[in-house]
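**Q** Mind folding the following:
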Amino acid sequence: MSAPLPINIYTNDPLRSAYDICLWLEFQNIWGIQYYCSYGLLHAPSDKGRLRLAHEISGCNRDLDVLAGLVHLYVLGLIRVFRNPTGPTPAISTSQSPGNIPQQQRQNLVSFLTELKANPSMLKAILLNRDNYSCVFTGDVNAESWKDKLIQKPPNARSGQIDTAHIISQPLVSNIQEGMPDVPPTRKCEWATTATAMIGTFGDFDCESLLGEQLLNNPVNMFLATPQAHYYFDRLEVYLTPALDQEGDAQANAYDLRTFPDPKAPDFFRPQVSFSPLQLPMEDGKIYTISPPDSHILAVHAACANIAHFSGVSDIFDELYRRDIDYVPLTVSSQDMVVNEAGFEELTRALYQAQWSGYELMT
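**A** Numbering: from 1, shown residues only. Sure thing, here's the model as predicted:
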């Protein structure tokens, strides 16, 4: 269930006018639309993204059909790609990942990047080295790496299965306006044809350039986690916010772990998570840096976690992907993340049905 909307905290337009429309929608008792829009404003990860959404809400001129279309774009373009209702995205097999990076594959930067893109085992080895063979949330050590003496297990640390987890876990290439009527905001939001564009605009960064040809399998979009931690993160029940120093400034690559009270994250989760880059010397004398998870992607993930929780979007996804019925997956393959058009269309149908269920009962 969605909580009542907070009062309008904005003093200047276009933010104040846009939020007033959300309050008007709540007064009309139109279930759903007001929550997506209002909590999108409140939890936007960037000022630019917040202003963009405010302009689009106001530009709908209180037309309910157009506002529903706007919500469609933001739910499919943002929350859909971060929240996996069925749990963790299938990870690279541990048995394929030795944990050490073969020296012969590091002759030069070009050959290394080519091998990294083509070889899942290489990618897993990179992440194991970068994240110290451990779950970033719990400190649990990868059992195979410990047995192979690649890492010493700290006191009181546990060992077990460690997976590769994606921050953006669903495909980015689908046309999120597919099947929508040729009315605003489809025409008004011509920029919002892909999830990559939506994420970049909402988070105020160049998502496409950041991910590059590797897309989801880029180390800036990945980290190590136990299956249980991976499950919570993929369902947007655990998220990360920048850790602040004594002066109130964000610390580089350090984050506070946040959860929602129901369900509560396990007590053994660390209260703070930190990442470090990995420096790899090439045989040609150059140094290549494997970057840690990107702060912009984590910020959009955190925003989607809050929007999904407070707006009730999570309930819609859970209803669509109930455990006791067969569901249509959004991807054909966990390896190449090809879009399953049947699953995409089913999600679109469910979102429209949920958005208008309350309104249809009153008309």
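**Q** Give me the nearest residue to Ile199, chain neighbours excluded.
**A** In space, and not counting its chain neighbours, Ile199 is closest to Cys207: 4.7 Å by C-beta to C-beta, 6 or more residues apart in numbering. Every C-beta, even on glycine, is put in place using the N, C-alpha and C of the backbone.
**Q** Run through the residues that contact the one you found.
**A** If you count contacts by C-beta atoms under 8 Å, 6 or more residues apart in numbering, Cys207 has them with Thr196, Ala197, Ile199, Gly200, His296, Ile297.
**Q** repeat for Asn306
**A** Asn306 touches Tyr39, Leu42, His43, Tyr239, counting by C-beta under 8 Å, 6+ apart.
**Q** What pLDDT is listed against Cys135?
**A** Cys135 is assigned a predicted lDDT (pLDDT) of 92.
**Q** Same question for Asn29.
**A** Taking Asn29 on its own, its pLDDT is 65.
**Q** residue boundaries of the helices in the stretch 201-350 of the chain?
**A** Applying DSSP state H, counting those that start in this stretch to the stretch 201-350 of the chain gives helices spanning 207-211, 227-234, 295-311, 313-320, 341-362.
**Q** now the angle from the second one to helix 295-311?
**A** On the basis of axes from the mean of the first three to the mean of the last three C-alpha atoms, to 10 degrees, helix 227-234 is oriented at 80 degrees to helix 295-311.
**Q** Okay, buried residues for helix 227-234 please.
**A** Gln228, Ala229, His230, Tyr231, Tyr232, Phe233, Asp234 (16 or more other C-beta atoms under 10 Å).
**Q** Could you do the first one as well?
**A** Within helix 207-211, the residues scored as buried using 16+ other C-beta under 10 Å are Cys207, Leu210, Leu211.
**Q** Make a markdown table from the contacts of Asn306 and add neighbour count, secondary structure and distance to Leu123 to it.
**A** Formatted as a markdown table, those follow (neighbours: other C-beta atoms under 10 Å; DSSP: H, G, I helix; E, B strand; the rest coil; distance: C-beta to C-beta, whole Å):
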| residue | neighbour count | secondary structure | distance to Leu123 |
| --- | --- | --- | --- |
| Tyr39 | 24 | helix | 35 |
| Leu42 | 18 | helix | 36 |
| His43 | 18 | coil | 31 |
| Tyr239 | 24 | strand | 24 |
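**Q** List just the nearest of those residues to Gln251.
**A** Tyr239 (16.9 Å; C-beta to C-beta).
**Q** Give the bridge partners for the closest one, please.
**A** Arg258 (DSSP bridges).
**Q** how about it, what does it touch?
**A** Phe233, Leu257, Arg258, Thr259, Leu298, His301, Ala302, Ala305, Asn306.
**Q** hey, where'd the strands end up in the stretch 151-300 of the chain?
**A** 159-160, 163-166, 222-225, 238-244, 250-259, 272-274, 278-281, 287-290 (DSSP state E, counting those that start in this stretch).
**Q** burial of Arg83, as a residue count?
**A** Number of residues near Arg83 (other C-beta atoms under 10 Å) recorded here: 22.
**Q** List the backbone torsions phi and psi for it.
**A** Main-chain dihedrals, Arg83, degrees, to the nearest 10: phi -100, psi 120.
**Q** Find the nearest non-adjacent residue to it, please.
**A** Leu236 (4.8 Å).
**Q** No further questions, thank you.
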